[in-house]
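Q: quick one, fold the following:
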Amino acid sequence: MIDIIVLLALGFVIGYKVSEIIHLLSFRRIMRDLNISEQQLIKVARDQGITVPDERSEEDRELGIRETIHIKIEQHGSQIYAYKSDTDEFLGQGTDPDDLVKRIAERFKGIRMIVDQGQDLLQKSHG
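A: Numbers count the residues shown, from 1 in each chain. Have a look, this model is predicted:
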């Protein structure tokens, strides 16, 4: 009898966790499909008076980093382009790595960018 109770409890816990994962993945997909960023969702929540915990590291708070995004770098002809990795949203372009970084930094203050693709284009020497 105790075996059955333990198995039922274990089945309940596993089912609950699987359901939680499915709901989380579905929510993320809906947010991505609607092109709603986490920052936009947080802003709406705060506008509605909902307290949203700040999960940034102490270092990010000190540096004024509000968000981290992943980007990809591409070169077409003599221009270097930057796009968001997940949405392909255009972020900026430049004639060389320094120019691209300067232009993006001017537009996106307080945003940490992690290069997922095209790191080699930022490391090339253009002299």
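Q: element containing the nearest residue to residue 31 once chain neighbours are set aside?
A: Distances taken as Cβ to Cβ, 6 or more residues apart in numbering put residue 41 closest to residue 31, at 7.1 Å, once the chain neighbours are dropped. C-betas here are computed from N, CA, C, even on glycine. Residue 41 belongs to helix 38-47 when assigned by DSSP states H and E.
Q: after that helix, which helix or strand is next? Please name it.
A: Per DSSP H and E, helix 38-47 leads on to helix 58-63 as the next helix or strand towards the C-terminus.
Q: give the next helix or strand downstream of that next one.
A: Defined by DSSP H and E, the subsequent element after helix 58-63 is strand 67-76.
Q: so what are the sheet partners of the helix or strand just after that following strand and their directions?
A: Heading C-terminal from strand 67-76, the first helix or strand you meet, by DSSP H and E, is strand 79-84. Partner strands and pairing direction for strand 79-84 (DSSP bridges) are strand 67-76 (antiparallel), strand 90-94 (antiparallel).
Q: buried stuff in the shortest one?
A: In this case it means strand 90-94. Within strand 90-94, the residues that count as buried by 16 or more other Cβ atoms under 10 Å are 91-94.
Q: can you check stretch 84-100 too?
A: 84, 91-94, 96-97, 100.
Q: from residue 12, how far off is the residue nearest to the spatial centre of the chain?
A: Centroid check for the chain by Cα atoms, centre = their mean gives residue 69 as the closest residue, at 4.4 Å. Distance of residue 69 to residue 12, given as Cβ to Cβ, to the nearest Å: 39 Å.
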